[in-house]
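Colleague: Got a predicted model here, sequence first, then my questions.
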Amino acid sequence: MASMTEKVEKLLAALREIDTPTITNVVATYPINPLCLGLYNPWTENWYTDTSIRCMYPEMGPVIGYAVTCVYGMPDPNYPNRLTYQDVIEALDASPKPTILVIQQKWPPEIFNKAGLAGEIMTTSAQAVGCLGLLSNGPSRDVDAIRRNRFQMLLSGVTAGHGAMGCMAVQVPVTISTMDVAPGEMIHMDENGAVKFPADKLEPILTNARALLDKEATQLAALRKAKTAAEVRAF
């Protein structure tokens, strides 16, 4: 009999075979659809990302993991030498695996688009403790080197450098690209963006997503054969 860990690993592997929009469809997009779990009001709750970030490596396909969160910004003289990136690494190591590192960047407006926060060293360190990808509302750098490591990143963009920075909080609720994320929630992301949902919904989301894909496959096959508006309307 499979252990709980093995069961979760199988669920995660199966969910990596499904695109993020399909996951959103069964999480909340179509609340009147019987295959939709209706976990959120789709318009009023912040459960998926907007157009302010993009996927760095679309060719990698979907990734999914437990959210580990942190906040970065300018060094604060009123909060000196408290937290460092090692505290982030410790949180990643303590979390169930695999993880997605979720970094909310809080910079002054004049430097926000210049802060290339997470480079090859930071992401390789995260990858060493079971992290599969980074989700952030700001830019990062070293995307050429990180591509070779197959570490996914969804960012606002890329830039070459940064100045002094500080870790302000670890494992706190954050907002990334209009999506509110709490530590331990599941993050599923691909070139379409990212969606979050509770970790205890892995199995029903997979079951319903597979059922929805099967239903859509039948519909699409018929639509590809359609020649008239009446034939399209029938499906």
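Modeller: Ah, there it is.
Colleague: Identify the residues contacting the closest residue to Pro198 other than its chain neighbours.
Modeller: Spatial nearest neighbour of Pro198, excluding adjacent residues (Cβ to Cβ, 6 or more residues apart in numbering): Glu185 at 6.4 Å. C-beta here means a position set from N, CA and C on the backbone, and glycine is covered the same way. Taking Cβ atoms under 8 Å, 6 or more residues apart in numbering, we find Glu185 in contact with Tyr66, Ala67, Lys196, Phe197, Pro198, Ala199.
Colleague: any idea which of the residues you listed is closest to Ile23?
Modeller: Phe197 (7.6 Å; Cβ to Cβ).
Colleague: Return the residues in contact with that closest one.
Modeller: Contact analysis of Phe197 by Cβ under 8 Å, 6+ apart lists Ile23, Val27, Leu39, Trp47, Glu185, Met186, His188, Ile205.
Colleague: quick one: it from Ala164, how far?
Modeller: Distance of Phe197 to Ala164, computed by Cβ to Cβ, to the nearest Å: 36 Å.
Colleague: I'd guessed Ala126 sits against Leu135; true?
Modeller: No: Ala126 sits out of contact with Leu135 when judged by Cβ atoms under 8 Å, with a separation of 11.8 Å.
Colleague: Mind checking which of those two has more residues around it?
Modeller: Higher neighbour count among Ala126 and Leu135: Leu135, with 29 against 24, using other Cβ atoms under 10 Å.
Colleague: Check which residues of the longest helix seen in the chain are buried.
Modeller: Counting by DSSP state H, the longest helix found in the chain is helix 202-225. Neighbour counts using 16 or more other Cβ atoms under 10 Å place Leu202, Ile205, Leu206, Asn208, Ala209, Arg210, Leu212 of helix 202-225 among the buried residues.
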